[in-house]
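Participant: Build me a model from this:
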Amino acid sequence: MKLMNRVEFNEENEFHIKSRALFGDPQTPAMIRLLLKTGIIKKEKHAVFILLVIVVLMISATWWVLNGRDSASNIFVTPDGTVYTAEEYGELLQAGIDPFDR
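Facilitator: Residues are numbered from 1 along each chain as shown. Alright, predicted model coming up:
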C-alpha cells in the first residue's frame, strides 16, 4: 500500500507519479519533468512509456554488444591477412603447423 501513496489521480482519470520526498513534498521525477518541459511528450503517462521503451532498448543493446563479442573472438588473422576460424586454427596446430610462425 506504500506505492499507492505515490500515485495520484485527478478528475480526468490521469495518474501522476511522485518521487520520494527528500525535503518536503514529493515531486514528479526529473526525467519525466524534462520530457514534459521540452514538449516532446504531452502527458505524463506517455513519458513513462517512452522511458520504459528506452530502458528496454538499452538492455537489448547491451545484450547484443556482449554476445556479439564472442563471434569476433573466434577469428584469427595472420600478419599476411589470412583469416582462420578457431576450428581451422586448432586443426592446423594439431597438424604441427602454426600460421603465425611464417
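
Participant: C-alpha from now on. contacts and neighbour counts both.
Facilitator: Will do.

Participant: Show me where this structure has its strands.
Facilitator: Secondary structure of the chain, counting by DSSP state E: strands at 7-9, 15-17, 75-77, 83-85.

Participant: From the contact counts, what lies against the last one?
Facilitator: Looking back up the chat, that one is strand 83-85. strand 75-77 (3 or more C-alpha pairs under 8 Å, 6 or more residues apart in numbering; DSSP states H and E).

Participant: partners of the strand it packs on, with directions?
Facilitator: strand 83-85 (antiparallel) (DSSP bridges).

Participant: If you count neighbours, what's buried in the longest helix seen in the chain?
Facilitator: In the chain, taking DSSP state H as the definition, the longest helix is helix 44-72. Residues 44, 47-48 are the ones in helix 44-72 that count as buried (16 or more other C-alpha atoms under 10 Å).

Participant: That one - what's its average pLDDT?
Facilitator: Across helix 44-72, pLDDT averages out at 85.

Participant: quick one: Ala86 and Leu93 touch, right?
Facilitator: No: counting by C-alpha atoms under 8 Å, Ala86 stays clear of Leu93, with 10.5 Å between them.

Participant: Many thanks, have a good one.
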